[in-house]
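Colleague: predicted structure and sequence below. I'll ask about it afterward.
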Amino acid sequence: LFGKMEAQADLPTITTDQHTVELMINAGLSVDIDLQDKPNVTGVGLFRTEIPFMLREGFPSEQEQFTLYREILQAHPDKEITMRTLDVGGDKPLPYFPIVEDNPFLGWRGIRMTLDQPEIFLVQARAMIRASEDLTNLHILLPMITTVSEVKEAKRLLQQAFFEVKDESLANRSTLMMPKIGIMIEVPAAAHQIPHLAAEVDFFSVGTNDLTQYLLAVDRNNPKVSTLYNSFHPAVLAVLQEIVDKAKLMHTPITVCGEMAGDPAGAILLMAMGYTKLSMSAYNIRKINWVLRSIQLYSAQHLLSEVINMPDAQQIKTRIDMYLEEHQ
Ligand code: PEP
Ligand code: MG
């Protein structure tokens, strides 16, 4: 099996009934972004910029951020590179910027923190935009969006950063383009506001890790409740279906970048729901490519229609595992 998987590793992800799925990678360090030997990976679906921030002693300067972002964007001019603005708080603390709260996951995290500290947001936005000069591959992704007004405020700051960069340069920056702007759909409220949010952005990216945590009221890192944390809960599946249906109605491109996309059972269901872009840790690419290349979209849709009405995650997972065994 491994030999066969190896031989097909670089082939595009097309089901046996000719349905194409785009695979992308999630990364947090530039060394993780190894796309040279992966012709069928269309880009970086999620670059977690907080990881380089977490590894330092203090906030990186605009110049330091610029150097990092530039290196990544320049190395892959033909691939979509999605950089998420700083997503700290919750499970991702910055040692030099302590946030003490009773409920960190319901607190000052992601876009909430950076909109309250616009300097941090602007420095990062300027670094990203400067790094994208002469290139067209930068996509900027906003984490933890809950309301339309947060998106509007973040877009206002991004515009400001864009015009600052454009005005400051001595050289003619006519090749500087406003990057595409998207948001994470990972707070349940956002999942139910797709039409309004779609009116503001160029793309969506579904964060199944946080979406599952918030829909089930289960801390994603607490071992005491880890058996309850399950993205195959029928309520999670119903919301994921609603999100993709509404995004399609609005013609807004949509990716899934949570762990579920890198899990064979998850990828099958997501594809069946209508998601065509899946972003995952690089080490899952081969496996997911292999699994999707060995099944039919039609049979995955049939499987989805069967499991969507089941009462609990365990039953759903058992049924999908059976399907996977039959199809390998
Ligand atoms: C998610 O929440 O699903 C996600 C991809 O973001 P992170 O895991 O970084 O919170
Ligand atoms: Mg998240």
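Modeller: Alright, I've got the coordinates. Ligands and ions are numbered 1, 2, ... in the order given.
Colleague: measure the closest residue to I120 other than its chain neighbours to E71 for me?
Modeller: In this structure, I120 finds its nearest non-sequential neighbour in T114, 5.5 Å apart by CB to CB, 6 or more residues apart in numbering. Glycine gets a C-beta too; all of them are placed from N, C-alpha and C. T114 sits 23 Å away from E71 when distances are taken as CB to CB, to the nearest Å.
Colleague: which parts of the helix or strand where the residue nearest to I120 lies are buried?
Modeller: Under the criterion of DSSP states H and E, T114 resides in helix 111-116. By neighbour count on 16 or more other CB atoms under 10 Å, the buried set for helix 111-116 is I111, R112, M113, T114, L115.
Colleague: what sits against the fourth one?
Modeller: If I follow you right, that is T114. The contact partners of T114, by CB atoms under 8 Å, 6 or more residues apart in numbering, come to T85, L86, I120, F121, Q124, A154.
Colleague: please redo it, this time with the cut-off set to 7 Å
Modeller: The contact partners of T114, by CB atoms under 7 Å, 6 or more residues apart in numbering, come to T85, L86, I120, F121.
Colleague: show me where the chain dips below the pLDDT cut-off.
Modeller: Low-confidence segments of the chain (pLDDT under 70): 1-2, 170-174.
Colleague: so which residues on the stretch 51-200 of the chain come close to ligand 2?
Modeller: Within the stretch 51-200 of the chain, the positions adjacent to ligand 2 are E186 by CB under 5 Å from the ion.
Colleague: buried stuff in stretch 32-39?
Modeller: So, applying 16+ other CB under 10 Å, buried residues of stretch 32-39: D32, I33, L35, K38.
Colleague: anything in that stretch near ligand 1?
Modeller: No: Stretch 32-39 does not reach ligand 1 (CB under 6 Å from any ligand atom); its nearest approach is 13.5 Å.
Colleague: ends of that stretch, how far apart?
Modeller: Terminal residues of stretch 32-39 lie 16 Å apart, using CA to CA, to the nearest Å.
Colleague: rewinding a little: so how far is whichever helix or strand comes after the helix holding T114 off the chain centroid?
Modeller: Using DSSP H and E, the helix or strand that follows helix 111-116 in sequence is helix 118-131. Relative to the mean C-alpha coordinate of its chain, helix 118-131 is positioned 20 Å out (CA atoms, centre = their mean, to the nearest Å).
Colleague: buried stuff in helix 118-131?
Modeller: Buried, per 16+ other CB under 10 Å, within helix 118-131: 118, 120-131.
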